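Task: produce atomic coordinates for the following.
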Amino acid sequence: MLFIAILATLLIIYIGQARLFSKKTFDSIDYKVKLSTEEAFEGEDIFIYEEITNEKTLPLPYAKVDTSLPQGLLFRITEYDHGKPTDKMQPHVVSVFVLKSREKVRRRWRVNCKTRGVYSVGGAVVVANDLFGMNPISKGFACEPRPENTVVVLPRPVDLDAHFTSSYYHSGDVITNHSLLSDPLLIEGTRDYTAHDPMNRINWKSTAAHGRLMVNRESYTRRHRFNIMLNMNSRDIERSETLPSDPASIELAITVCASILDRISAENVPVRIISNTPPEAVSEEMRADADGVGYDILFTPAYEGKRDMITALRVLAAIKTEMSCPVERMLDFVLEHKDVFAESGNLIVISAYISERMIVFHDEMRREGVNVIFYVTTSNRNAWVIPPDVEVYYKTHFD
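Sure thing, here's the model as predicted:
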């Protein structure tokens, strides 16, 4: 009888505590997240401060917290093997602890900003158990996006001279300039033709006088305006209407755009960004037009100088890797409104590929007095033949 009484008592205790924990486990459990900074560059580390509070009298004898990060951020976990530290990158971490009554647990995680973007953190799944460890229950916690738990990861510029080479760099000397664009109206003189020079810079009078090909030496002005067109298509024909099939090439295109902005930031050169990406991801006010095709095209204000360039980088951080319209429609729209989108007479097109349609666009813009330069972020190209007067820069270094 005593054994039965003890067994019944234990059964009553077990059932009672199981019901109590199942009903009250997550009552008055508060979960908060803060970040050490609101802005960082790609590749930098920041800190996440995670806080879990048990505000009730009932303790949690077992709590397992699985904390996850949005894609683009990674936990940097340092492990030691025979005294040697090794960093591991992972999208989530799991920790187990006891949460006593009216206790607050604070933890700090080191996080690497792998990819540019705007991220709100604060997602975790808490698994709790009763005193006997027989009735696990879980609950997901998600913090609303707020300034204290949101980070803007800015694209990090790269050295364009080290990563890209002109289509004219076949042999001979390579001339490096500190400015991206020259001013054909400011001629400093002539020099011998090299393999990388476009045909449209040949000075035929000087060529006839010297008996060999000569090209104009154009002055690189610090007040030369231009716009940047960012193509979100990764191929000429995409499988999806909105998602590029090679998002890595688009991310590189955004990096190139950031690098150009960084390169001219000290020159006070006004520059705008045009892209076939959803403008609403950045700002409803940055649409190329109030309706029609222009409604789906991003068109930013002019950015000038170092102070504005950080704003331009924030725009690039917020851009979605999505296509709001086919690139052909954007090219046609720019041609129809070239007085707005190419008023400076110079346009840099950054794309994962170069196609026949883009070469036609180049020729049509050139007839209107607009100089178009291409940066291609992959080895892919749909154009069979690229004319010698089309200035193209190809990526030469792949990670």
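
Okay, now the unreliable bits of this protein?
2-3, 6, 8-24, 130-133, 167-190, 194-200, 217-224, 397-399 (pLDDT under 70).

wait, what's in contact with the residue nearest the centre of it?
By CA atoms, centre = their mean, the chain has its centre lying nearest to Arg116, at 3.5 Å. By CB atoms under 8 Å, 6 or more residues apart in numbering, the contact set of Arg116 is Glu42, Gly72, Val153, Leu154, Pro155, Arg156, Glu251, Ile254, Thr255, Leu316, Ala317. (Each C-beta comes from the backbone N, C-alpha and C, glycine too.)

Please apply the same query to Lys32.
Glu50, Glu51, Thr53, Gly122, Cys143.

burial measure for the closest residue to the last one other than its chain neighbours, as a count.
Nearest-residue entry for Cys143: Gly122, 2.8 Å, with adjacent residues in sequence omitted and distances by CB to CB, 6 or more residues apart in numbering. When counting by other CB atoms under 10 Å, one arrives at 24 neighbours for Gly122.

wait, Gly122 sits on Val33?
Yes - at 4.0 Å, Gly122 counts as touching Val33 under the criterion of CB atoms under 8 Å.

between those two, what contacts are shared?
In contact with both Gly122 and Val33: Cys143, Asn149, using CB under 8 Å, 6+ apart.

Which of the contacts of Arg116 fall in strands?
Val153, Leu154 (DSSP state E).

Looking at the contacts of Arg116, spot the one nearest Gly211.
Thr255 (44.7 Å; CB to CB).

if I look at that closest one, how far off is His362?
From Thr255 over to His362 the distance is 23 Å, taken as CB to CB, to the nearest Å.

Next: Asp246.
23 Å.

between those two, who's got more neighbours?
His362 (25 against 17).

can you pull out the helices in this protein?
Here the chain has its helices, by DSSP state H, at 2-24, 160-163, 204-210, 247-264, 305-318, 327-336, 338-341, 356-367.

What distance do you get for the residue sitting furthest away from the middle of the chain to Ser249?
Going by CA atoms, centre = their mean, the residue of the chain most distant from its centre is Met1, 72.2 Å out. Distance from Met1 to Ser249, counting by CB to CB: 79 Å.

thinking again about what came up before, ranking the helices of the chain by burial, who's on top?
The highest mean neighbour count among the helices of the chain, using mean count of other CB atoms under 10 Å, belongs to helix 247-264: a mean of 22.

Who are the packing partners of it?
Judged by 3 or more CB pairs under 8 Å, 6 or more residues apart in numbering; DSSP states H and E, helix 247-264 is in contact with helix 160-163, strand 226-230, strand 271-275, helix 305-318, strand 346-351.

Out of these, flag the one nearest Arg107.
Among the helices and strands packed on helix 247-264, helix 305-318 sits nearest to Arg107 (CB to CB), with 27.0 Å.

Figure out how far that closest one is from the centre of its chain.
12 Å (CA atoms, centre = their mean, to the nearest Å).

mind putting the helices of the chain in TSV, distance to Pro270 included?
Shown next, in TSV, are these (distance: least, CB to CB, whole Å):
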stretch	distance to Pro270
helix 2-24	62
helix 160-163	20
helix 204-210	33
helix 247-264	10
helix 305-318	9
helix 327-336	17
helix 338-341	13
helix 356-367	19
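
Out of the ones you listed, the one nearest Glu280 is which?
Between the helices of the chain, helix 305-318 lies closest to Glu280; by CB to CB that is 10.3 Å.

If you count contacts, what does the closest one end up packed against?
Looks like helix 305-318 contacts strand 117-120, strand 150-154, helix 247-264, strand 271-275 (3+ CB pairs under 8 Å, 6+ apart).

ok, 10 Å please
strand 39-41, strand 117-120, strand 150-154, helix 247-264, strand 271-275 (3 or more CB pairs under 10 Å, 6 or more residues apart in numbering; DSSP states H and E).

who wins for proximity to Thr86 among the ones you listed?
strand 39-41 (23.3 Å).

in its sheet, what does that closest one sit against?
Strand pairing for strand 39-41, using DSSP bridges, gives strand 150-154 (parallel).

The strand it pairs with versus helix 247-264: what angle between them?
Angle, strand 150-154 to helix 247-264, by axes from the mean of the first three to the mean of the last three CA atoms, to 10 degrees: 70 degrees.

For Lys88, which of the helices of the chain is the nearest?
Nearest of these (CB to CB): helix 247-264, 22.4 Å.

didn't the residue nearest to Cys143 look like it was pressed against Gly140?
No - look at Gly122 against Gly140 with CB atoms under 10 Å: they stay out of range, at 11.0 Å.

Counting neighbours, what do you get for the residue nearest to Asp296 when sequence neighbours are not counted?
Nearest non-adjacent residue to Asp296, counting by CB to CB, 6+ apart: Ser324, 4.0 Å away. For Ser324, the neighbour count with other CB under 10 Å is 23.

How about Pro105: what's its closest non-neighbour residue?
For the record, residue 105 is Val, not Pro. Val105 sits nearest to Ile52 (CB to CB, 6+ apart), 4.9 Å away.

Mind listing the residues bridging to that neighbour?
Applying DSSP bridges, one finds that Ile52 bridges with Tyr31, Val105.

What is the burial count for it?
22.

Ok, Asn268 next?
12.

Same question for Asp236.
Around Asp236 there are 20 residues (other CB under 10 Å).

Would you confirm that it contacts Thr378?
No - between Asp236 and Thr378 no contact is recorded; they are 11.9 Å apart, counting by CB under 10 Å.

list residues touching both of these two?
Common contact partners of Asp236 and Thr378 (CB atoms under 10 Å, 6 or more residues apart in numbering): Ser351, Ala352, Tyr353, Ile354.

Distance of the second one relative to His163?
It refers to Ala352. Separation of Ala352 from His163 (CB to CB): 15 Å.

One more: the last one?
Ile354 sits 17 Å away from His163, taking CB to CB as the criterion.
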